[in-house]
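Q: From the sequence below, what's the structure:
(4 chains)
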There are 2 protein chains.
Amino acid sequence: MPESIWLRDDDRPRRPRLSRERIVEAAVALLDAEGAAGLSMRALAARLRAGTMSLYEYVRSKEDVLDLALDEVIGEIEEPPEPGPWRDYLVRQLTQSRAVMRRHPWVPALTATRPLLGPNALARSRPFYAALASAGLAGPALTAAVGTLTSYVNGFVAAENIWWARIRTPAADAELRGAVAGHLNERMADLARLAQVDNGDFDGQFLLGLDLILDGIAARLPPETS
Amino acid sequence: MPESIWLRDDDRPRRPRLSRERIVEAAVALLDAEGAAGLSMRALAARLRAGTMSLYEYVRSKEDVLDLALDEVIGEIEEPPEPGPWRDYLVRQLTQSRAVMRRHPWVPALTATRPLLGPNALARSRPFYAALASAGLAGPALTAAVGTLTSYVNGFVAAENIWWARIRTPAADAELRGAVAGHLNERMADLARLAQVDNGDFDGQFLLGLDLILDGIAARLPPETS
DNA sequence: ACGGTTTTCCGTACAGTGCACGGAAGACGG
DNA sequence: CCGTCTTCCGTGCACTGTACGGAAAACCGT
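A: Below you'll find the predicted structure:
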């Protein structure tokens, strides 16, 4: 009777220290903390207290890590149980997408680089198509509507994040804002006057643009029923 | 009378071999040929037959090169002499933006990273604001409309380029298309059925989405005159 | 014609990157 | 007790951006 269970340390009966899940979790944390430039395989391994090359047991390349991290945070968008009216549903869903991309500012630039084929990305786009299909869209109009909306959200948050990235302190904010304003006023004052509302009301701007697109979609719906 | 002009080789009275212009020109060519990953300061210098560190006489960092290259290709969008009706103008201008981003596929991912403050970018956005302003928009609605349109174009072409990047040969195209279709059908057949129009009609999709947004904008215009 | 200053060019060096290779250490099935 | 297989990872290579400092050339004032 060798080593009774009660005496044995059975915490790791056959447990690898690393795993894909642990790696992508650490990768997301690292990306959030240091940005895309801060993610190196060495830094990632260090954060997991592992040797660099150990990661390659679970992942073929750094690209894989990025793909996995991306799909991971896409999973943070929760799927709603009840569909409800299509327009409310889309606003809610896309607002949430934006929130995720703000929590993880490295996301928009990454999506511009790689196709989104991960399980979470697919799971999230399904009800999205379904909502617009139930509203009456089909065929090219349907895919165009979906494409327009996702392109808009990605593009908007990408632009937004550029500005957020360059300000951490209010002082830096004021200085940057001043420098840009000076730059603009100096070389095209009329444009600066037209676009004077480029103060930081990103929330309002986001919803405004979204409504614009949704109005365009609504106008294209078959003039049907309820 | 030393060295008459006619005998002197005055081709280079004080001509540095390098210049910012030559550097950004080479950078654009290199980016077009090799993609963003292929642009290294060493490769860039080699293409100019210069030492690597010579570049730093004209540019503070690689980031500078990217900013300059980006603004350079934005300059390829020609400014139209006659404004004309706002809607036609916007469609023409944005179609041209898309064409530029297709010629230089590295552009959309770059724009997602940095602010566009170069002279060409500013010069191009001015008539853009002006067109929508002349249509009757002002204040937040104006900036929202501009933001929506540019976000859409960026996002659309970014997504589009992802697919173009992965196919060079028709064989690769067919294989990729098959793999993706299989992947989709396997794990969510209904979605695949809804989105069956994801064949390569990017042109049509682009204009469809654009019309969507423009309809939304038109609906928001003050119900005024001619 | 000449000394000094400024501009251009760039070789070297350093810290950092992704990852190929091959070995070690341990868990497992026979 | 002996292979085999999985996990871990040290070393090494080719490559990156760029700090530093020196060489050479072009310019200017005398």
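Q: Let me know how buried residue A:223 is, in neighbour terms.
A: 5 (other Cβ atoms under 10 Å in any protein chain shown). Where you see a C-beta, it was placed from the backbone N, CA and C, and this is true even at glycine.
Q: Could you do residue A:37 as well?
A: 8.
Q: now residue A:139
A: Residues within reach of residue A:139, counting by other Cβ under 10 Å, total 11.
Q: Phi and psi next, for it.
A: When read as degrees, to the nearest 10, the backbone of residue A:139 gives phi 60, psi -150.
Q: how much space between it and residue B:159?
A: Noted for residue A:139: a distance of 19 Å to residue B:159, by Cβ to Cβ, to the nearest Å.
Q: What is the least confident helix or strand in chain A?
A: Comparing helices and strands within chain A by mean pLDDT, DSSP states H and E singles out helix A:189-194 as the least confident, with a mean of 64.
Q: downstream neighbour of that one in the secondary structure list?
A: The first helix or strand that comes after helix A:189-194 along the chain, using DSSP states H and E, is helix A:202-220.
Q: Give me the residues contacting that next one.
A: Helix A:202-220 has contacts (Cβ atoms under 8 Å, 6 or more residues apart in numbering or on different chains) with A:87, A:90-91, A:94-95, A:98, A:132, A:135, A:137, A:141, A:145, A:148-149, A:152-153, A:156, A:160, B:140-141, B:143-145, B:147-148, B:151, B:211-217, B:219-220.
Q: Just want the angle from it to helix B:202-220.
A: With axes from the mean of the first three to the mean of the last three Cα atoms, to 10 degrees applied, the angle from helix A:202-220 to helix B:202-220 works out at 100 degrees.
Q: so what's residue A:35 up against?
A: Going by Cβ under 8 Å, 6+ apart, residue A:35 touches A:105-106, A:165.
Q: that older thread, give me the buried subset of the contacts of helix A:202-220.
A: The neighbour-count test (16 or more other Cβ atoms under 10 Å in any protein chain shown) applied to the contacts of helix A:202-220 identifies A:87, A:90, A:94, A:98, A:132, A:135, A:137, A:141, A:145, A:148-149, A:152-153, A:156, A:160, B:141, B:143-145, B:147-148, B:151, B:211-217, B:220 as buried.
Q: mind listing which of these are in helices?
A: Taking DSSP state H, the ones among these that sit in helices are A:87, A:90, A:94, A:98, A:132, A:135, A:141, A:145, A:148-149, A:152-153, A:156, A:160, B:141, B:143-145, B:147-148, B:151, B:211-217, B:220.
Q: Does stretch A:31-50 reach DNA strand D?
A: Yes - Stretch A:31-50 reaches DNA strand D (Cβ under 7 Å from any atom of the strand) through residue A:50.
Q: what does stretch A:60-77 give?
A: No - judged by Cβ under 7 Å from any atom of the strand, stretch A:60-77 stays clear of DNA strand D, getting no closer than 12.7 Å.
Q: now that stretch, how far from the centre of its chain.
A: 11 Å (Cα atoms, centre = their mean, to the nearest Å).
Q: and what of stretch A:44-59?
A: Offset of stretch A:44-59 from its chain centre (Cα atoms, centre = their mean): 25 Å.
Q: Likewise for stretch A:39-58?
A: That offset, for stretch A:39-58, works out to 24 Å (Cα atoms, centre = their mean).
Q: Same question for stretch A:210-218.
A: Taking mean C-alpha positions (Cα atoms, centre = their mean), stretch A:210-218 and its chain are 22 Å apart.
Q: again, but for stretch A:145-158
A: Counting by Cα atoms, centre = their mean, stretch A:145-158 comes out at 11 Å from the chain centroid.
Q: C-alpha coordinates for it, PDB please?
A: The C-alpha trace of stretch A:145-158 is given here as PDB (Å, rounded to 0.1, in the frame of the first residue of the first chain):
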ATOM      1  CA  ALA A 145     -25.800  45.400 -44.200                       C
ATOM      2  CA  VAL A 146     -23.800  43.100 -41.900                       C
ATOM      3  CA  GLY A 147     -20.600  44.200 -43.600                       C
ATOM      4  CA  THR A 148     -21.400  47.800 -43.300                       C
ATOM      5  CA  LEU A 149     -22.200  47.600 -39.600                       C
ATOM      6  CA  THR A 150     -19.200  45.600 -38.600                       C
ATOM      7  CA  SER A 151     -16.900  47.700 -40.800                       C
ATOM      8  CA  TYR A 152     -18.300  50.800 -39.200                       C
ATOM      9  CA  VAL A 153     -17.800  49.600 -35.600                       C
ATOM     10  CA  ASN A 154     -14.300  48.400 -36.300                       C
ATOM     11  CA  GLY A 155     -13.300  51.600 -38.000                       C
ATOM     12  CA  PHE A 156     -14.900  53.800 -35.500                       C
ATOM     13  CA  VAL A 157     -13.300  52.200 -32.500                       C
ATOM     14  CA  ALA A 158      -9.900  52.000 -34.200                       C
END
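Q: Any quick ChimeraX command for the buried ones out of the contacts of residue A:35?
A: To isolate the buried members of these in ChimeraX, using 16+ other Cβ under 10 Å:
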select /A:105,106
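Q: closest to residue A:70 among the contacts of residue A:35?
A: When the contacts of residue A:35 are compared for distance to residue A:70 (Cβ to Cβ), residue A:106 wins out at 9.0 Å.
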